[in-house]
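[1] here is the input, now give the coordinates:
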Amino acid sequence: MEAEIQKFKLKGRVYLWKYKELENRYPGWNLATDADGCDSLVKLLNLMDTSELPSKKTVPTEVPTKLQLKVPNYQQGLASWRAAKYLTLNFKKQGQISEWNITENGEEVEVRFGVGKLNQLRTAIAGIPQGKGDFAISDSDEENILYFWWNLEN
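    Predicted coordinates for the structure are as follows:
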């Protein structure tokens with residue numbers, strides 16, 4: 001299973017961005033995918049879930065489109081933002097069930113999560129093609145926030 005995770009190639013588009021001037025009102029990162037990106041990320045999370053070992057995988061992300069930025073509609077889609085170039089999913093299989101931490105390292109955003117949060121993450125991503133969004137996953141202190149948004153381009 002570990003070899004499959006290492007060989008995994010993302011299909012579709014994944015958008016990951018953060019609003020600059022709204023950090024006080026809307027802290028955290030925003031995630032959206034197209035249908036192929038959703039299917040691909042769910043497959044990766046399934047591989048991680050069935051692996052016997054902890055796993056980590058970095059996938060490329062894309063700059064959100066103007067249409068995608070209109071979904072959260074912060075300042076009518078005109079709020080300034082910055083995008084990550086890479087998303088690293090770091091599954092701590094033997095860690096705390098509720099572990100959830102987001103760190104930034106240059107152009108990469110790493111989401112470290114335990115078993116309980118893996119299920120939440122998989123469900124959130126799987127719901128994107130059905131128009132589910134406008135909610136977040138965070139740690140117990142409501143920090144390390146990842147918002148989920150549907151995609152108008154599907």
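[2] mind listing what the residue lying closest to Gly28 once chain neighbours are set aside touches?
    Across the structure, with CB to CB, 6 or more residues apart in numbering as the measure, the residue nearest Gly28 apart from its sequence neighbours is Ile145 (2.8 Å). Every residue, glycine included, has its C-beta placed from N, CA and C. Taking CB atoms under 8 Å, 6 or more residues apart in numbering as the criterion, Ile145 is in contact with Pro27, Gly28, Trp29, Ile102, Ala136, Ile137, Ser138.
[3] and Gln6, how many residues sit next to it?
    The local packing of Gln6 (other CB atoms under 10 Å) involves 10 other residues.
[4] mind checking what secondary structure it has?
    Each residue gets one of three states, and Gln6 gets helix by DSSP: H, G, I helix; E, B strand; the rest coil.
[5] that one and Thr61, how far apart?
    Using CB to CB, to the nearest Å, Gln6 is found at 19 Å from Thr61.
[6] can you point me to the longest helix in the chain?
    Once the chain is assigned using DSSP state H, the helix that runs over the most residues is helix 35-50.
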